[in-house]
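> A structural model of the following input is requested.
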Amino acid sequence: MTLIVRGYRSRKRDRRSTIIGFTLIEVLVVMAMIGILAAISAPSWLGFANNQRLNTAQSQAFSTLRLAQSNAKRTQTMWQVTFRNMPNFAQYAVHQAPPSSMTKEYWDNLPWQNFDGGVRIVENTEMQPRTTFTQLTAVPDPNVYRVQFKSKGNPNGLGEMGRITFVSRSGDRKKCVIISTILGAMRVAENEECNQ
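Modelled structure (predicted):
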């Protein structure tokens, strides 16, 4: 009887070992299905990722402008937010308003922070909606845009009102932060709403 059981077990083991695994056709069908699904979902994923980068840049710009405004009120001195495009990324800095004479070293030593690498600032020479903050002309390249806040938190003159506009490096959706009143009220918008 024990011989019969042993023989049965060995035959059962042999049968299992022959049916483990996939055929080449099964593997190719699965790979083709994965490829088709990836081709369908890739554009929407890229659009989602670009939109998230723009949302992050818009949120950072908004909170940076609010920080400068609150620092101006707290210290009773003029504070400034400065923006610029570098070749691979955009930057911003929050600092006290600069002295009347500024050198390249002054600009290079500001506390620059980087926006996400997939986002850039829309220059004031591009199509609408573009950046309309004050562009400093005496600053060496790259272009520098700024907003100054006085001790009561309002922008330093009508020229400081406007917007900073961001666009993805691989898309055309635009998002902006707008300073819309002389009291320093701010709002966010996107695409054509930035022009209103």
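
> I'd like to know the average pLDDT value across the host helix or strand of Ile25.
Element membership for Ile25, per DSSP states H and E: helix 24-75. Regarding helix 24-75, the rounded mean pLDDT is 88.

> do the same with stretch 134-141
Stretch 134-141 shows a mean pLDDT of 75 in the predicted model.

> May I have it exported as PDB, CA atoms only?
Taking C-alpha atoms only, stretch 134-141 is exported to PDB below (Å, rounded to 0.1, in the frame of the first residue of the first chain):
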ATOM      1  CA  THR A 134       7.600  96.000 -12.900                       C
ATOM      2  CA  GLN A 135      10.600  94.800 -15.000                       C
ATOM      3  CA  LEU A 136      13.900  96.200 -13.800                       C
ATOM      4  CA  THR A 137      15.900  97.500 -16.700                       C
ATOM      5  CA  ALA A 138      19.200  98.300 -14.900                       C
ATOM      6  CA  VAL A 139      19.600  94.700 -13.800                       C
ATOM      7  CA  PRO A 140      21.900  92.400 -15.700                       C
ATOM      8  CA  ASP A 141      20.400  89.400 -17.600                       C
END
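
> these two touch, right, Asp89 and Gln113?
If you look again at residue 89, you'll see it is Phe, not Asp. No. With contacts counted by CB atoms under 8 Å, Phe89 stays clear of Gln113, the gap being 10.2 Å. For glycine as for every other residue, the C-beta is placed from the backbone atoms N, C-alpha and C.

> the more surrounded of these two?
Neighbours were counted for Phe89 and for Gln113 using other CB atoms under 10 Å; Phe89 has more, 14 against 11.

> In contact with the more buried one, which residues are there?
114-117, 119-120 (CB atoms under 8 Å, 6 or more residues apart in numbering).

> Going through those residues, which ones are buried?
Neighbour counting with 16 or more other CB atoms under 10 Å marks 115-116, 119-120 as buried within the contacts of Phe89.

> can I get the residues you listed in JSON lines with secondary structure?
Output for these, formatted as JSON lines (DSSP: H, G, I helix; E, B strand; the rest coil):
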{"residue": "Phe115", "secondary structure": "coil"}
{"residue": "Asp116", "secondary structure": "coil"}
{"residue": "Val119", "secondary structure": "strand"}
{"residue": "Arg120", "secondary structure": "strand"}
